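Asker: Sequence and predicted model, in that order:
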Amino acid sequence: MPAGPSTSFSRSRGLQTAARILDAAEALFAEQGYAGTSLRDVADRVGLRIPSLYNHFPSKDALYTAVLERGIAPVLAILSGFADAGADIQPDSREVVRRVMRLLAQRPNLPRLVLHETLSGGQRLTPLLRQWIAPTFARAHEMIEMGPGANRWRPDQIPLLVLAMYHIVVGYFAIAPLYRQLNGEDLLTKEALDRQTDFLGEVVVALLEAAP
């Protein structure tokens with residue numbers, strides 16, 4: 001039996017509320033870390049009562065996992081799509097950069113969250129990093145190995161290259177709040193993000209193009 005209008009409306013409102021909870025949690029986890037953020041903090045920022053929040057996420061762990069999944073899974077999907085295209089189709093490095101930067105621009109707190117927990121030794125993040133970040137690194141590694149410039153790097157250098165590019169991307173978003181205080185420039189404006197995307201695309205091409 002198809003859902004009636006009231007059921008569809010309720011489901012739509014539920015999805016909107018869940019998205020608001022995820023947005024608030026992402027920002028709070030980035031600012032305060034996992035340990036420093038309570039579900040009450042999240043509920044207060046969204047304007048909900050705790051029981052209402054539990055209707056969407058049964059625990060802080062579940063909410064934290066959902067925040068990471070929402071942000072990292074699309075990035076992994078992009079890299080997987082290019083890596084699965086096959087050796088006969090060379091990935092467009094600039095297009096990869098554009099798509100990843102576009103996604104992270106929609107979730108600028110996510111890189112800060114990951115960096116915050118990494119620097120603070122957050123144990124909660126470790127298994128989730130294995131689940132989401134490790135496959136992302138592996139896919140990036142595969143793309144470099146399939147690329148025209150793979151012979152420029154020794155096999156033991158490719159993981160270091162992936163790590164360096166990871167830090168360039170994550171570091172840009174992580175430094176944005178401090179950079180605005182120091183220099184008065186908002187690195188998260190469209191103009192600044194476009195400039196960084198173009199620059200990063202040039203860097204990636206320079207690193208991954210075939211040796212002369």
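Answerer: Looks like it arrived, so ask away.

Asker: mind checking pLDDT for Arg180?
Answerer: As predicted, Arg180 sits at a pLDDT of 93.

Asker: Secondary structure class of it, three-state.
Answerer: Three-state call for Arg180 (DSSP: H, G, I helix; E, B strand; the rest coil): helix.

Asker: Where does the closest residue to it other than its chain neighbours sit: helix, strand or coil?
Answerer: Leaving out its chain neighbours, the residue that sits closest to Arg180 by C-beta to C-beta, 6 or more residues apart in numbering is Asp186, at 5.2 Å. The C-beta positions use only the backbone N, C-alpha and C, and glycine is treated the same way. Secondary structure, three-state DSSP: Asp186 is coil.

Asker: and what of Pro148?
Answerer: Criterion first, three-state DSSP; result for Pro148: coil.

Asker: didn't it look like it was pressed against Glu209?
Answerer: Yes: between Pro148 and Glu209 there is a contact at 6.3 Å, judged by C-beta atoms under 8 Å.

Asker: Next, show the common contact partners of the two.
Answerer: Between them, Pro148 and Glu209 share no contacting residue under C-beta atoms under 8 Å, 6 or more residues apart in numbering.

Asker: Going by secondary structure, Thr136 is in what exactly?
Answerer: Assigned by DSSP states H and E, Thr136 falls within helix 134-146.

Asker: ditto for Ala35
Answerer: Per DSSP H and E, Ala35 falls between elements, in no helix or strand.

Asker: before we move on, what about Leu68?
Answerer: If you go by DSSP H and E, Leu68 is part of helix 60-83.

Asker: Next: Glu117.
Answerer: Per DSSP H and E: Glu117 is located in helix 109-119.

Asker: got the buried residues for that helix?
Answerer: Neighbour-count burial for helix 109-119 flags 109-117 (criterion: 16 or more other C-beta atoms under 10 Å).

Asker: mind checking pLDDT for the nearest residue to Val203 once chain neighbours are set aside?
Answerer: Closest residue to Val203 apart from its sequence neighbours, by C-beta to C-beta, 6+ apart: Ile168 at 7.1 Å. With respect to pLDDT, Ile168 has a value of 91.

Asker: burial measure for Ile168, as a count.
Answerer: Residues lying near Ile168 (other C-beta atoms under 10 Å) number 14.

Asker: Relative to Asp61, how far out is it?
Answerer: According to C-beta to C-beta, to the nearest Å, Ile168 and Asp61 sit 30 Å apart.

Asker: Kindly report the same for His116.
Answerer: 17 Å.

Asker: got a list of what the closest residue in space to Leu76 that isn't next to it in sequence touches?
Answerer: In space, and not counting its chain neighbours, Leu76 is closest to Thr136: 4.9 Å by C-beta to C-beta, 6+ apart. Thr136 makes contact with 72, 75-76, 79, according to C-beta under 8 Å, 6+ apart.

Asker: Relative to Glu191, which of the residues you listed is nearest.
Answerer: Nearest to Glu191 among those is Val75, at 22.9 Å by C-beta to C-beta.

Asker: The helix holding Glu117 vs helix 60-83, what angle?
Answerer: 110 degrees (axes from the mean of the first three to the mean of the last three C-alpha atoms, to 10 degrees).

Asker: Helix 109-119 packs against which elements?
Answerer: For helix 109-119, the elements it packs on are helix 5-32, helix 60-83, helix 125-128, helix 158-183, judged by 3 or more C-beta pairs under 8 Å, 6 or more residues apart in numbering; DSSP states H and E.
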